[in-house]
Structure formats: structure tokens, C-alpha cells
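>>> Need the 3D shape of this:
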Amino acid sequence: MADGAAGTAGESDYPGERIGLPQAGRGSLASWGSRISALVVDWIICTVVAVLLFGSRVVTGQGWTSWMTLATFFVETSVLCVLAGGSAGQLICRIAVVRLEGRPLDLGRSVLRAAMVCFVLPALVVGTDRRGLHDLAAGTAVVNRR
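Numbers count the residues shown, from 1 in each chain. Model prediction:
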């Protein structure tokens, strides 16, 4: 697309092209299936950790402990995205969170992104490049590791 007009008739436009990502392979946008799988894996891991730390009341929804799975998810995602380039579920599903500038993800952006995911709605408002409001705010994208 020499003229920069994305999505016009006859052009091959793919998710991620406008932000400079390859169409397939390493560094291309992660599929919805791998992103949702990573989220489910993360939630299961965080539920187990929260139960181990705070007891079974985490899953019964009684009092403040009912928020501990979400709190564990927030901490796990914030820290692991900085240290390993993705949450535990993302690592297992072979996807990563990257900054579009190519620089490493810092703690501030990671915390902002994780907080917005915890509020759910920003992650559900998604554009054509499979980037929710949380990724737009943090300047990130979720890409394939392989």
C-alpha cells in the first residue's frame, strides 16, 4: 500500500499491516483463539494461586477474598509481561505482548494495560488490528512468538 489507504477495493489488507506487523509467522498478530486460550489458562492459574494463598472462599464469592483471583491476575500479568514478554498463559500459548516501537515493555505500560484488561470493557472494544483500548493506550500489540 504505497499510498497508505488501507482497506480499499482490490488491495490485500490484513490485520496488523497498518501497524507494520507481518501477515504470518513470528511477530504477526496473535489469533483470537490463542488470545482467548491464554486468558483462560491465566485465569485458571490465578484461581489456583489465589485459593492456595487465601483459601477456598476465593471461589465461593464471600467477602473481599472473592476479588483475589482478579488481584492475582493483575499482579501476574503486570509482572510477567515486563519480565518475560507475556503472562503465563501467553507464554504457554506462544504469544507475546510487545511495544510497537520495538522497545521493551516497561512496568508503567504493563500496569496500565493489565488494569484496563481487569476492567474488561476496554479489552472488548477492539479495532481492525485486533488491538483493544488497553493495547492502544499502552502502545502494544499481542503477537505470535513463533
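
>>> residues in contact with the nearest residue in space to Leu80 that is not next to it in sequence?
Nearest-residue entry for Leu80: Ser87, 5.1 Å, with adjacent residues in sequence omitted and distances by C-beta to C-beta, 6 or more residues apart in numbering. Any C-beta I mention is one placed from the backbone N, CA and C, and that applies to glycine too. Shown here is Ser87, whose contacts under the criterion C-beta atoms under 8 Å, 6 or more residues apart in numbering are Ala38, Asp42, Glu76, Thr77, Leu80, Cys81, Val97.

>>> Is the last one in a helix, a strand, or coil?
Here Val97 takes the strand state, with states given by DSSP: H, G, I helix; E, B strand; the rest coil.

>>> please renumber so the chain begins at 23
Will do, 23 is the new start, and the previous item becomes Val119.

>>> so what's it bridging to?
Note on Val119: beta-bridge partners by DSSP bridges are Val164.

>>> burial measure for it, as a count.
Burial of Val119, expressed as a neighbour count using other C-beta atoms under 10 Å, amounts to 26.

>>> From the chain's centre, how far out is stretch 72-90? Work that out for me.
Using C-alpha atoms, centre = their mean, to the nearest Å, the distance from the centre of stretch 72-90 to the centre of the chain it belongs to is 24 Å.
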